[in-house]
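S.K.: below: sequence and its predicted model.
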Amino acid sequence: MLVLGIETSCDDTAAAVVRDGRAVLSSVASNQDAFHAKYGGIVPEIAGRRHVALLSAVIEDACERAQAPLERLDGIAVTRGPGLIGSLVVGVAAAKALAFALHKPLYGINHLHGHVFAAFLDRDESPPYPFLTLLVSGGHSQIVAVESPTEMRILGRTHDDAAGEAYDKTARLLGLPYPGGPELDRLAQRGDPHKYAFPRHRAAGDSLDLSFSGLKTSVRYFLESHAGRSAQSEDVAASFQAAIVDVLMARVRSAFERNGYRAAVLSGGVAANSALQSAFRHWGERAGVRVFVPPPKYCTDNAAMIAAAAYYQRDAAAGDPMTLSADPNLPFQTTSSGSP
């Protein structure tokens, strides 16, 4: 089953062709960082206009690299939410037009579900159900129980800033260039993670929920109080990163100990972070847990994960080319129906 995936939920224009939900025949993405860098963050209007300008060429490139003409495709998958409405509309409109013109099935995919299925790409072994997913990105941080391709439950989520958002805001405080998360990770690799004791959020009772706003604020107050005095930025970055990783891994350990999962998955843009990956793999080795971490190119937003989700959720995700709509606030909820 050949599926063309289209992803335009934020600022990356992406298309990919995936066979049977696993083999990535092509994955093409056009990055917009240069257009947003001078603003220090994503400008929705600019993102939407760039998608309009680039999407047709990106789709054509993906099909050519996969040697899969549009007529050979078995379906069209597109991110319908959550995300920036102006960006989502561009991708959904293109997918609907292709599906209608080619008489192909159309699949509307939840962007966050796509991140879960990124762990299935380009590997011989897939995570066995049920498994636990730590999904951390610029807009979301949540711990998800994945019972089947279409049965997922959020066990814990952030009350305020997502982990990626906290990274970006702290990077800005440190004067790092956009995008800040990867820059902070590189800086932290040269620092001492034990130099400064930044706070770790403790959830009440048995809650697995997260919070990173206080950590970000603590770093801001620290930098203000040390203005003009010696405080190595690499040590600040490393200590901040250690706090984030400690909180995330504490929740993962707690969630895994309470339930009978068979594996654990790390996904989302922050999954590309070196310290988090190292801690996640180390925990898996010590605890005897099978862990799955997608390659960095499938951690960040990409269309291959959208095509993979369509394969595994094809019955539940099927949509009508005439009525499928973009939803910037699409909830994470899943149904119990769908293809295995």
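M.R.: Received, thanks.
S.K.: can you give me the strands for this protein?
M.R.: For the chain, strands defined by DSSP state E occupy the ranges 2-7, 13-19, 23-30, 75-81, 106-110, 131-136, 141-148, 151-157, 263-267, 291-292, 318-319.
S.K.: to residue 192, which of those strands lies closest?
M.R.: strand 131-136 (23.5 Å; CB to CB). Just so you know, the C-beta spots here come from the backbone N, C-alpha and C atoms, and that holds for glycine as well.
S.K.: restricting to C-alpha, output that closest one in CSV.
M.R.: Extracted as CSV, the C-alpha positions of strand 131-136 are listed here (Å, rounded to 0.1, in the frame of the first residue of the first chain):
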residue,chain,number,x,y,z
PHE,A,131,3.4,0.5,24.6
LEU,A,132,4.0,3.8,26.3
THR,A,133,4.9,7.0,24.4
LEU,A,134,6.6,10.1,25.7
LEU,A,135,5.6,12.7,23.2
VAL,A,136,7.5,15.9,23.6
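S.K.: now the angle from that strand to strand 141-148?
M.R.: Here strand 131-136 runs at an angle of 150 degrees relative to strand 141-148 (axes from the mean of the first three to the mean of the last three CA atoms, to 10 degrees).
S.K.: so which residues make contact with strand 131-136?
M.R.: Counting by CB atoms under 8 Å, 6 or more residues apart in numbering, the neighbours of strand 131-136 from elsewhere in the structure are 112, 115-116, 119, 141-146, 155, 162-164, 248, 251-252, 255-256, 259, 261-271, 276, 280, 292.
S.K.: in the protein, which helix or strand is least confident?
M.R.: When the helices and strands of the chain are scored by mean pLDDT, DSSP states H and E, helix 33-36 comes last with a mean of 84.
S.K.: can you list the low-confidence ranges for this protein?
M.R.: Along the chain, segments meeting pLDDT under 70 span 228-231, 334-340.
S.K.: report the buried residues of the lengthiest helix in the chain.
M.R.: Among the elements of the chain assigned as helix by DSSP state H, the one spanning the most residues is helix 233-258. Of the residues in helix 233-258, those scored as buried under the neighbour-count criterion (16 or more other CB atoms under 10 Å) are 233-245, 247-252, 254-256.
S.K.: from the contact counts, what lies against that helix?
M.R.: Secondary structure elements in contact with helix 233-258, counted by 3 or more CB pairs under 8 Å, 6 or more residues apart in numbering; DSSP states H and E, are strand 131-136, strand 141-148, strand 151-157, helix 163-173, helix 180-188, helix 213-225, helix 274-287.
S.K.: one more time with 10 Å, if that's ok
M.R.: Taking 3 or more CB pairs under 10 Å, 6 or more residues apart in numbering; DSSP states H and E as the contact definition, the neighbouring helices and strands of helix 233-258 are strand 131-136, strand 141-148, strand 151-157, helix 163-173, helix 180-188, helix 213-225, strand 263-267, helix 274-287.
S.K.: dump these to JSON lines, plus distance to residue 331.
M.R.: What follows is those, written out as JSON lines (distance: least, CB to CB, whole Å):
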{"stretch": "strand 131-136", "distance to residue 331": "14"}
{"stretch": "strand 141-148", "distance to residue 331": "12"}
{"stretch": "strand 151-157", "distance to residue 331": "10"}
{"stretch": "helix 163-173", "distance to residue 331": "19"}
{"stretch": "helix 180-188", "distance to residue 331": "25"}
{"stretch": "helix 213-225", "distance to residue 331": "22"}
{"stretch": "strand 263-267", "distance to residue 331": "18"}
{"stretch": "helix 274-287", "distance to residue 331": "26"}
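S.K.: so can I have CSV of those showing mean neighbour count?
M.R.: Supplementary listing: the helices and strands packed on helix 233-258 in CSV, determined by neighbours: other CB atoms under 10 Å:
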stretch, mean neighbour count
strand 131-136, 26
strand 141-148, 21
strand 151-157, 18
helix 163-173, 24
helix 180-188, 21
helix 213-225, 15
strand 263-267, 25
helix 274-287, 15
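S.K.: the ones you listed: which one's closest to residue 17?
M.R.: If you check each of the helices and strands packed on helix 233-258 against residue 17 by CB to CB, strand 263-267 wins as the nearest, at 21.0 Å.
S.K.: and the angle from that closest one to strand 131-136?
M.R.: Using the same axes, to 10 degrees, the interaxial angle of strand 263-267 with respect to strand 131-136 works out to 20 degrees.
S.K.: what angle do strand 263-267 and helix 233-258 make?
M.R.: Strand 263-267 and helix 233-258 are oriented at 150 degrees to each other (the same axes, to 10 degrees).
S.K.: so which elements touch strand 263-267?
M.R.: On a contact count with 3+ CB pairs under 10 Å, 6+ apart, strand 263-267 meets helix 111-117, strand 131-136, strand 141-148, helix 233-258, helix 274-287, strand 291-292, helix 296-299.
S.K.: relative to residue 328, which of the ones you listed is closest?
M.R.: Go through the helices and strands packed on strand 263-267 one by one with CB to CB and the one that ends up closest to residue 328 is helix 111-117, at 10.3 Å.
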